[in-house]
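S.K.: got a predicted model here, sequence first, then my questions.
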Amino acid sequence: QLDADNYETDPCLKEIRRAENYSWMDIITIQKDKLPNYEEKIKTFYEEHLHLDDEIRYVLDGSGYFDVRDKDDKWIRISMEKGDMITLPAGIYHRFTLDENNYVKAMRLFVGEPVWTAYNRPADDFPARKQYMKFLAEEA
């Protein structure tokens, strides 16, 4: 159980970061008056895309949705709220949107230096996508 109110001193979060080698961290606030280029960024987050590295998000306040594709290429909506952490594996198609509260404050974690490059669909030729698809096939 993570403590979003005390994330700076939370021993559970510290242990996760150590165990998973999440050496880099920042905090993003997605709210109209807090995020520069808000409208453009909201549209970018909602474009279906993938990354070549895992995407780790820990919601410190507010709420929103991650949409991911299942093995049959259908959307699954994941509701995220304060205290939730998610790891989206490299190569998974996904998107993010706010809910009716139009606000989320989240910690972004990364192994090593962050690479925020999003590859909009279609991006099936990347090794990360092929590896993810192989993983899905093995799990089926």
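M.R.: Sure thing, it's come through. Residues are numbered from 1 along each chain as shown.

S.K.: chain center to stretch 64-82: distance?
M.R.: On the basis of CA atoms, centre = their mean, to the nearest Å, stretch 64-82 sits 11 Å off its chain's mean C-alpha point.

S.K.: put the alpha carbons of the host helix or strand of Arg18 into PDB.
M.R.: Using DSSP states H and E, Arg18 sits within helix 11-20. In PDB, the C-alpha atoms belonging to helix 11-20 read as follows (Å, rounded to 0.1, in the frame of the first residue of the first chain):
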ATOM      1  CA  PRO A  11       9.300   3.500   2.600                       C
ATOM      2  CA  CYS A  12       7.200   1.300   0.200                       C
ATOM      3  CA  LEU A  13       7.700   3.600  -2.700                       C
ATOM      4  CA  LYS A  14      11.400   3.800  -1.800                       C
ATOM      5  CA  GLU A  15      11.700   0.000  -1.900                       C
ATOM      6  CA  ILE A  16       9.800  -0.200  -5.300                       C
ATOM      7  CA  ARG A  17      12.200   2.400  -6.700                       C
ATOM      8  CA  ARG A  18      15.200   0.500  -5.400                       C
ATOM      9  CA  ALA A  19      13.900  -2.900  -6.500                       C
ATOM     10  CA  GLU A  20      12.900  -1.800 -10.000                       C
END
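
S.K.: next SSE after the longest strand along the chain?
M.R.: Ranked by number of residues, the top strand in the chain under DSSP state E is strand 55-69. For strand 55-69, the following helix or strand on the C-terminal side (DSSP H and E) is strand 75-81.

S.K.: just the angle between that following strand and strand 55-69, please?
M.R.: 140 degrees (axes from the mean of the first three to the mean of the last three CA atoms, to 10 degrees).

S.K.: go through the next helix or strand after strand 75-81 and flag the buried ones.
M.R.: Where DSSP H and E defines the elements, the next helix or strand beyond strand 75-81 is strand 85-88. The neighbour-count criterion (16 or more other CB atoms under 10 Å) identifies Met85, Leu88 as the buried residues of strand 85-88. Quick note: C-beta positions are derived from backbone N, CA and C, even for glycine.

S.K.: run through who's touching strand 85-88.
M.R.: Contacts with strand 85-88, where a contact means CB atoms under 8 Å, 6 or more residues apart in numbering, come from 2, 16, 51, 54-59, 66, 68, 78, 80, 94.
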